[in-house]
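Peer 1: Quick one, structure for this:
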Amino acid sequence: MLQLQLFKNIWLNKVAAVLFLLFLVCLTAYSQYADTMTYSAKAQLAGVFNKTNTTKSFLANNNLRFSMMKKHTAVNWYGSWIYGKQNAGLTNNDVSLNSDYNIYDKNQRIYAWGFAAYDKSYSLKIINRFQGGFGFGYELLNSTVLSLNLSDGIIYENSNLDQSADPTVKDIETFRNSLRLKYALIVTKIIELRGSNYWQQSVENKGDYVIKANNTLNVKLKKWLSITVVMTYNRINITQRENFLLTYGLTFDKSF
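Peer 2: Next up is the predicted model:
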């Protein structure tokens, strides 16, 4: 049984690595013919610390993003690490790596996307989770003040769960419908709200769904530097595991 579990973990890691390399190969082949390529790098460092006479808690929520874009294509790589302790006990040690590839129509309203992600989470009791799939999206609204983007598609998921989360739930292997709402609200030149929120419903079990939400409030100090408040929420309904994080810090954003 241990050997089988080890084999599954190795297989998941290899699949995630192969899909990630596939994105790189596709991008390299396509960018050779690019007229203009724009690059963007973003680092978000946020957290919260609390200490009283009897309690000490710490939580860090750090994110990195690198994007390569031209007129009709965009490739994004994301990485995040959430780490938290309360007194001497670990509360969070959550890692997420993902990549997406997007191809837009000539009006940049309709696009096709491909997606691959790898997660492990102490708080959600996920030992390993791989997701990969494809779908389509549509720009519902795109103005200088507000943009709304809706996308939908099918993804494959293979999750290795910590049985302490719910001993009755075995490892998950399923296809999900992945629905995403992404928005950006530019309140003023220095204040903006951005969010990306997912509902991922299993096609086999209506009680098995995943919610992912990441929403930020940015106050720009400079073009490349912002004070940021981050709200992160995750839920795995089949095991009733969830986390809610509210942190603040700095965002460094540079395009070149």
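Peer 1: what are the phi and psi values for I238?
Peer 2: phi -70, psi -30 (degrees, to the nearest 10).
Peer 1: residues contacting S80?
Peer 2: S80 is in contact with 61-64, 94-96, counting by CB atoms under 8 Å, 6 or more residues apart in numbering. To be clear about C-beta, it is placed using only N, CA and C from the backbone, and glycine gets the same treatment.
Peer 1: Pull out the buried residues from these.
Peer 2: Burial by neighbour count, judged by 16 or more other CB atoms under 10 Å, picks out 61-64, 94, 96 from the contacts of S80.
Peer 1: Just name the closest of those to T168, please.
Peer 2: The closest of the buried ones among the contacts of S80 to T168 turns out to be D94 (CB to CB; 23.4 Å).
Peer 1: Buried residues, the strand or helix carrying that closest one. List them.
Peer 2: According to DSSP states H and E, D94 maps onto strand 89-104. Under the neighbour-count criterion of 16+ other CB under 10 Å, strand 89-104 has 91-92, 94, 96-102, 104 buried.
Peer 1: What of stretch 167-177?
Peer 2: 169, 172, 174, 176-177.
Peer 1: Kindly reformat those residues as a markdown table containing secondary structure.
Peer 2: Listed next are the buried residues of stretch 167-177 as a markdown table, based on DSSP: H, G, I helix; E, B strand; the rest coil:
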| residue | secondary structure |
| --- | --- |
| V169 | coil |
| I172 | strand |
| T174 | strand |
| R176 | strand |
| N177 | strand |
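Peer 1: Out of those, which one has the lowest pLDDT?
Peer 2: Among the buried residues of stretch 167-177, V169 carries the lowest pLDDT, at 82.
Peer 1: Next one: that one from N205, what distance?
Peer 2: In this view, V169 and N205 are 11 Å apart by CB to CB, to the nearest Å.
Peer 1: which neighbours do the two share?
Peer 2: Counting by CB under 8 Å, 6+ apart, the contacts common to V169 and N205 are I238.
Peer 1: Skipping its backbone neighbours, what lies nearest D162 in space?
Peer 2: When the adjacent residues along the chain are set aside, D162 lies closest to K125, with 3.9 Å between them (CB to CB, 6 or more residues apart in numbering).
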